[in-house]
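Asker: Starting from these lines, generate the structure:
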Amino acid sequence: MKERTIDVYWEGPFVWGDHNKHIKESHVLYALYGTHPVYGRDVLLYIGMTERGVGVRLSEHGYWAEYECDQINIRVASMGEIESWKDWEVDERYERAPRSDVEGVETLLIYAHQPAYNTRNKESLEKARNIRIFNTGHFGSLLPELSYRYYSEDW
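Answerer: Here you go, the predicted structure:
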């Protein structure tokens, strides 16, 4: 099966509590950065996705994020499939991506980066089958390119 290439365009970082004014409807992924007692400051803590809007989903993290010992920074992303390198010449960002694509990208991001606070998707890549990701924009400490084939044993 042909590998699909998806551009994940990241924006931010935005400070927790000031992030809502930066969120757009096309944002479907988010990454939380902060201080971890073992891994240090400004490290990737959590990667998530949502269909209900990033603002709504982030508010559900408030019970812990607001009480972290240091500031939480947020990066948000929109994404879209790239069929040709010419697709990247367009200045406008992506519309809302299909759920199956978002789930696959989230799975691959979590599997590859193993964020400290994520508990799901650290052991299985099945939803990311045949996906290649290019992280673009302000992607922080995320790897610039990821592929299901790199991490899987069945290609």
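Asker: Can you verify residue 80 is assigned to a strand?
Answerer: Yes. Residue state for residue 80 (DSSP: H, G, I helix; E, B strand; the rest coil) corresponds to a strand.
Asker: Residues in contact with the helix-or-strand element of the chain with minimal mean pLDDT: which ones?
Answerer: Lowest by mean pLDDT, DSSP states H and E among the helices and strands of the chain is helix 54-59, with a mean of 72. If you take Cβ atoms under 8 Å, 6 or more residues apart in numbering as the criterion, helix 54-59 is touched by 19-20, 23, 27-30, 48, 50, 65, 74, 76. Every residue, glycine included, has its C-beta placed from N, CA and C.
Asker: Need the residues that contact the host helix or strand of residue 45.
Answerer: With elements taken from DSSP states H and E, the one containing residue 45 is strand 40-49. Residues external to strand 40-49 that are found in contact with it (Cβ under 8 Å, 6+ apart): 28-36, 57, 61, 70, 72-73, 102-103, 105-106, 109-110, 113, 115-118, 140-142.
Asker: what do you get for stretch 112-130?
Answerer: For stretch 112-130, the surrounding residues in contact (Cβ under 8 Å, 6+ apart) are 1-4, 31-32, 36, 38-39, 43-48, 100, 103-108, 110-111, 142-143, 146, 148-149, 151-152.
Asker: re the thing from before, quick check: buried residues in the strand holding residue 45?
Answerer: For strand 40-49, the neighbour count (16 or more other Cβ atoms under 10 Å) marks 42-49 as buried.
Asker: now do stretch 26-40
Answerer: Buried, per 16+ other Cβ under 10 Å, within stretch 26-40: 26-34, 36.
Asker: circling back: next, give me the two most distant ones among the contacts of helix 54-59.
Answerer: 28 and 65 (19.2 Å; Cβ to Cβ).
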